[in-house]
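A.B. asks: sequence and predicted structure are below.
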Amino acid sequence: MKQTYPAANIKKQHLIETATRLFNKHGYHAVGIDRIIHESDVAKMTMYRNFPSKDSLVSEVLRQRMGKIQASISESVATRGEAMDKLREVFLWHGRWFDTPDFNGCMFIAALSEFGGSDNEIARVATAEKQRMREFIQNIVVELVRGSAAARLTHQIVMLLDGAIISAQTGEKRKAAMDGWKAAKCLVASQLRQYQVAG
């Protein structure tokens, strides 16, 4: 049976999806509320009933964006059995994303670039959502190494993923993800050798 939603919820979600598309393509400061309202084809009252400020809309866009990203990556990773295969799938997922029309860089990095450096809701949300991704990666890494080594390796892999995103954004879409994966494999191999020596 097809699920139906109240009209108010449909309009709210349409606002979020329109804002996501515009922010992703043009950035946050470059897109005003009036443009979002116009392209969403909703009344201004509808906008402010759901989102009293632009900051609250941006924050919700970021929360939903990360939810969709994590759901998609989790689904891909769930098809893999070994930890190294799971890590590779994370990079492969990024490679597929880089090759889509939706790819315009990381909306969380962009948010921190535009709103970071001050204590505001958007910077806090962007930081928290990036932390969710770190935790996802660490849940894979701990299958390979433990303790401080897992935290260190997670940090390095996340840096490689962020670097791959920026590299793809500057024109190296075809090789950015796999270059990141090759570097990640070297880091993991080095860490495992240290474990063997210590053991």
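C.D. replies: Now that the structure is in, tell me what you want to look at.

A.B. asks: how about the helix of greatest length in the chain, which residues are buried there?
C.D. replies: For the chain, the helix reaching the highest residue count under DSSP state H is reported as helix 173-198. Using 16 or more other Cβ atoms under 10 Å as the test for burial, helix 173-198 gives 173, 176-177, 179-181, 183-184, 188, 191. For glycine as for every other residue, the C-beta is placed from the backbone atoms N, C-alpha and C.

A.B. asks: what packs against it?
C.D. replies: Under the contact criterion of 3 or more Cβ pairs under 8 Å, 6 or more residues apart in numbering; DSSP states H and E, the helices and strands touching helix 173-198 comprise helix 83-98, helix 147-169.

A.B. asks: and those, which one averages the lowest pLDDT?
C.D. replies: Comparing mean pLDDT across those, the weakest is helix 147-169, with a mean of 93.

A.B. asks: find the residue at the geometric middle of this structure.
C.D. replies: In the chain, the centroid-proximal residue (Cα atoms, centre = their mean) is Met66; its distance is 5.1 Å.

A.B. asks: ok, that residue touching Val125?
C.D. replies: No: using Cβ atoms under 8 Å, Met66 is not in contact with Val125; the gap is 9.0 Å.

A.B. asks: count of neighbours near Thr100?
C.D. replies: In terms of burial, Thr100 registers 9 neighbours under the definition other Cβ atoms under 10 Å.

A.B. asks: please report the distance of it from Thr20.
C.D. replies: 14 Å (Cβ to Cβ, to the nearest Å).

A.B. asks: what's the answer for His155, then?
C.D. replies: Counting by Cβ to Cβ, the gap from His155 to Thr20 is 28 Å.

A.B. asks: of the two, give the one with the bigger neighbour count.
C.D. replies: More crowded of His155 and Thr20, by other Cβ under 10 Å: Thr20, with 20 against 14.
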